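Trainee: test case, fold it:
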Amino acid sequence: MTKRVAILISGGGSNMVALVKSMTGDHPARCVLVVSNDPAAGGLDRAQALGVATAAVDHKPFGRDRAGFEGALQKVLADARPDIICLAGFMRILTPEFTAQWAGRMLNIHPSLLPKYKGLHTHARALEAGDREHGCTVHEVTAELDGGPILGQARLTIGPTDTAETLAARLLPLEHALYPAVLRRYAVGDRSLITLPAKETAPDFPLQD
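Mentor: So this is what the prediction gives:
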């Protein structure tokens, strides 16, 4: 049975585009909904252009009422009946109560080689630490921030002239290759670790955030 996928975004949605474009042909999943916490997110227009249904649940009216926001989000998701949720640049920290509802069915991509550099500013932190390698990680979502089981990683070498901005730009193609590769396996119940070799880290379609 084809799995139903909902993708949560907050911005331009380049990883969302990579995921949606990958879910064709014999892929075991299809995207049924893209949701953003920002009604003005550019990724909503991109999803619509790809023929995917969209919704917005603006977090701003809820203020500090995270439970209220998540309740509204949960209603939108329940109506779409997804089997899997993919967080793709979704810039809201989810409560343990919300993640528990989707335990074993939610993925996230994070721009560091977890368990290093959970949270924000990962590129700058890798440079400040003098790391020689950087990368991205796809993991299952749990109540622990960026702490769920690791399902895939892709790496790059940090160059002597790299900045946080150049690292972010160089990492995007790796993200766009890794996330679809993990999702394809995940949709058929395969949780084995994927480590992409360098030759597989460039997608065959142009994407920009």
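
Trainee: what's across from Thr157 in the sheet?
Mentor: Glu133 (DSSP bridges).

Trainee: thought it was touching Gly135?
Mentor: No. The pair Thr157 / Gly135 is not scored as a contact, 9.8 Å apart, by Cβ atoms under 8 Å. (Each C-beta comes from the backbone N, C-alpha and C, glycine too.)

Trainee: more neighbours: which of these two?
Mentor: Shown here are Thr157 and Gly135; by other Cβ atoms under 10 Å, Gly135 has more neighbours (27 against 12).

Trainee: hang on, isn't that one packed against Ile158?
Mentor: No. When contacts are counted by Cβ under 8 Å, Gly135 is not listed as touching Ile158 (9.9 Å).

Trainee: scan this structure for its longest helix.
Mentor: For the chain, the helix that runs over the most residues, judged by DSSP state H, is helix 164-186.

Trainee: which other residues reach the helix or strand just after it?
Mentor: With elements assigned by DSSP states H and E, the helix or strand that comes after helix 164-186 is strand 194-195. When contacts are defined by Cβ atoms under 8 Å, 6 or more residues apart in numbering, strand 194-195 is touched by residues Val138, Leu151, Gly152, Gln153, Ala154, Arg155, Leu178, Ala181, Val182, Arg185.

Trainee: the spatially most central residue of the chain - nearest residue in space that isn't next to it in sequence?
Mentor: The centroid of the chain falls nearest to Ala88 when counting by Cα atoms, centre = their mean (2.7 Å). Spatial nearest neighbour of Ala88, chain neighbours left out: Asn15 (4.0 Å); criterion: Cβ to Cβ, 6 or more residues apart in numbering.

Trainee: against Ala129, how distant is Asn15?
Mentor: According to Cβ to Cβ, to the nearest Å, Asn15 stands 25 Å off from Ala129.

Trainee: with neighbour numbers in mind, choose between these two.
Mentor: Taking other Cβ under 10 Å, Asn15 and Ala129 do not tie; Asn15 has more neighbours (28 against 10).

Trainee: thought Phe90 was touching the more buried one, still the case?
Mentor: No. When contacts are counted by Cβ under 8 Å, Asn15 is not listed as touching Phe90 (10.0 Å).

Trainee: what about Ile194, how many neighbours?
Mentor: Residues near Ile194, counting by other Cβ under 10 Å: 18.
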